[in-house]
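> Sequence and predicted structure are below.
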Amino acid sequence: MPYRRKFLTRAGYTTLSALLTVGFLQKDKQKEDHSKNRTVANYTNDDFPLRQLAAAKGKLYGAAISHDILLKEKDYANLIARECSIVTPAGELKWGATEPQPGEFTFESADVIADFCQKHNIELHGHTLFWHMANPDWLPYPPTLKMIERHVKAVMGHYRESKVLKSWDIANEIIADNENETDNPTYGLRKGVKPELIRDLFLIAASVDNSKKFYLNDFGIEGATWKSDRFLKMVEYLKNSGVKIDGAGIQSHLWFSTAYSFDEKGFNSVLKRLNDLEVKPIITELDIVIDAPLPDSIKKLDQMVADSYKRYLDLCFAAKVDTVITWGLTDRHSWIRHPDWMPRKTFRENPNLWKFLRPLPFDENLKPKSARNAIAQAFGQATSTPIRLG
Ligand code: 9MR
């Protein structure tokens, strides 16, 4: 099984080198700070890049990034290179970006990210070949099979030889949010989407390049819900149809509050069902919003965000999740703050509350927050997952 062997070797290597690096760094710190009586336990925050803390456990940490910010903001680019071992292009591989006119393809912006990954030894997660948003005006949803075939061949074909692109979100957000938005009660697919079309999309993808990992990606599946049940049924259908599907992307745009209890039991059962189906869960778009009632200070808010990260990641790591991607690295660029995407009434109707939208590990000045510390600690306390299953 050469596919698995490749991963074993790579994971073994990164784990070893990370352990050595962390070991050396810690020794240095111990020496340096002996007089101050500090211990290594004080050094989970700024000292070690998250990518190193993750690699020490055979895991990957990364963020969604944008090529234009990468080119414009040097401090941002440096931070991504320091912290991330995997990145997702936030928009550069979407249909509207890669095939703006029928049959005319461009990869200029996506390749800025691919080149950056190559330079900094970062994995690239391809997002996405099929979505109902960010599409060019000429494209119907769902697209015809002919359109899908031309698109998938060109886009996946462009990255077939890529040394950094290792995985694709083959389809994104195909499950409706509730039963009123579907005409397919079994799989809950968005109106007009047939399970056979998705099966054929995965088949076409495998015919173009089956060396990458294939994911079905969605949000609102972090618990036992109508939606997560339909998502799991769709994964099962694809498995039973014999198509290549390696993993499930669990987006994890999360809302926590004192009034909203996270369904740990339900989420554990989702992870277990995926494991039973031999479909690997990864976290693809994590960010955390604290909803009303809001605390009375930013400090308290940041601590609530951090505690929520820790609680969520502890659960993920206990279930052997090996990849965590946050949807952005800094609050400066988070989609959550963009007026078009502003979440829920609480924030949309109250511009004063925008400052409470602090969903990511770094703040708007690129300074690490408690959330970063929480992620570092979760990686630090996780048991190793030395084999990254494909
Ligand atoms: O964060 C992305 C934003 O910058 C884009 O304008 C938007 C449309 O392309 O997509 C956002 O990313 C979405 C992701 O692709 C799928 N899950 C939800 C993300 C946030 O809306």
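Now that the structure is in, tell me what you want to look at.

> What ranges does the stretch 1-150 of the chain have for its helices?
Ranges of helices within the stretch 1-150 of the chain are 2-32, 50-55, 67-72, 74-83, 95-98, 108-120, 145-158, based on DSSP state H, counting those that start in this stretch.

> Any idea how many residues pack against the nearest residue to residue 286 once chain neighbours are set aside?
Closest residue to residue 286 apart from its sequence neighbours, by C-beta to C-beta, 6 or more residues apart in numbering: residue 252 at 4.3 Å. Yep, even glycine has a C-beta here, placed from its N, CA and C like the rest. By the criterion of other C-beta atoms under 10 Å, residue 252 has 24 neighbours.

> Please name the residues that touch residue 68.
By C-beta atoms under 8 Å, 6 or more residues apart in numbering, the residues touching residue 68 are residue 109.

> make that residue 375, sorry
Residue 375 touches 50, 61, 309, 313, 324, 326, 361, counting by C-beta under 8 Å, 6+ apart.

> Please identify the helix or strand for it.
In this assignment (DSSP states H and E), residue 375 forms part of helix 370-381.

> repeat for residue 228
Residue 228 belongs to helix 226-240, assigned by DSSP H and E.

> any residue of that helix up close to the ligand?
No: residues of helix 226-240 contacting the ligand under C-beta under 6 Å from any ligand atom: none, with a closest distance of 14.0 Å.

> quick one: contacts of that helix?
In contact with helix 226-240 (C-beta under 8 Å, 6+ apart) are residues 174-179, 182, 186-189, 195, 198-199, 202, 216, 218, 220-222, 245, 248, 266, 270, 273-274, 277-279.

> got any ranges where the stretch 251-390 of the chain has weak pLDDT?
258-260, 342-344, 386-390 (pLDDT under 70).

> ok, which stretches of it are strands?
Assigned by DSSP state E, counting those that start in this stretch, the stretch 251-390 of the chain shows strands spanning 253-256, 280-290, 323-326.

> and if you look at the stretch 101-250 of the chain?
123-127, 165-172, 213-218, 247-250.

> For residue 163, which non-adjacent residue is spatially closest?
residue 118 (6.5 Å).

> Please name the residues that touch residue 263.
Per C-beta under 8 Å, 6+ apart, neighbours of residue 263: 222-225.

> switch to 10 Å and redo it
By C-beta atoms under 10 Å, 6 or more residues apart in numbering, the residues touching residue 263 are 222-225, 228, 269-270.

> Could you do residue 284 as well?
62, 64, 86, 88, 125, 127-128, 167, 169, 172, 215, 217-219, 247-252, 323-327.

> Report the entries of these that also contact the ligand.
172, 251.

> ok so, going back, so the residue nearest to residue 163 is in contact with residue 161, correct?
No: with contact defined as C-beta atoms under 10 Å, residue 118 does not reach residue 161; the gap is 11.9 Å.

> Those two: which is more packed in?
With neighbours defined as other C-beta under 10 Å, residue 118 and residue 161 compare such that residue 118 has more, 15 against 9.

> Verify the stated contact: residue 371 with residue 359.
Yes: using C-beta under 10 Å, residue 371 is in contact with residue 359, at 8.2 Å.

> hey, what's in contact with both of those two?
In contact with both residue 371 and residue 359: 287-288, 305, 308-309, 326, 331, using C-beta under 10 Å, 6+ apart.

> Between all of these, which two are at the greatest distance?
The largest separation in those, counting by C-beta to C-beta, is between 308 and 331 at 15.0 Å.

> Those two - which one has more neighbours?
residue 331 (24 against 21).

> Tell me the spacing between the more buried one and residue 233.
Distance of residue 331 to residue 233, computed by C-beta to C-beta, to the nearest Å: 36 Å.

> Now the spatially most central residue of the chain: closest residue in space, sequence neighbours ignored.
For the chain, residue 284 is the residue whose C-alpha lies nearest the centre (C-alpha atoms, centre = their mean; 1.7 Å). Once flanking residues are discounted, residue 284 sits nearest to residue 249: 3.9 Å by C-beta to C-beta, 6+ apart.

> okay, now that neighbour: neighbour count?
30.

> That one touches residue 282, doesn't it?
Yes: with contact defined as C-beta under 10 Å, residue 249 reaches residue 282; the gap is 6.0 Å.

> got a pLDDT number for the nearest residue to residue 116 once chain neighbours are set aside?
In space, and not counting its chain neighbours, residue 116 is closest to residue 70: 5.9 Å by C-beta to C-beta, 6+ apart. Looking at residue 70, its pLDDT reads 98.

> can you count the residues close to residue 70?
20.

> From residue 306, how far off is it?
Counting by C-beta to C-beta, the gap from residue 70 to residue 306 is 27 Å.

> now residue 288
From residue 288 across to residue 306, the span is 9 Å (C-beta to C-beta).

> what touches both of those two?
371, 374.

> Between those two, which is the more surrounded one?
residue 288 (24 against 20).

> contacting residues around the more buried one?
For residue 288, the contact set (C-beta under 10 Å, 6+ apart) comprises 252-256, 304-309, 311-312, 326, 336, 358-360, 371, 374.

> Now that we have those residues, which of them are buried?
Taking 16 or more other C-beta atoms under 10 Å as the criterion, what is buried in those is 252-254, 256, 304-309, 311-312, 326, 336, 358-360, 371, 374.

> Get me the contact residues on the stretch 201-350 of the chain for the ligand.
Counting by C-beta under 6 Å from any ligand atom, the stretch 201-350 of the chain sits next to the ligand at 251, 285, 335, 341.

> Highest neighbour count among those?
Counting neighbours by other C-beta under 10 Å, the top entry in those is residue 285, with 25 neighbours.

> OK, contacts around that one?
Shown in contact with residue 285 (C-beta under 10 Å, 6+ apart): 63-64, 88, 90, 127, 169, 172, 217-219, 249-254, 325-328, 335.
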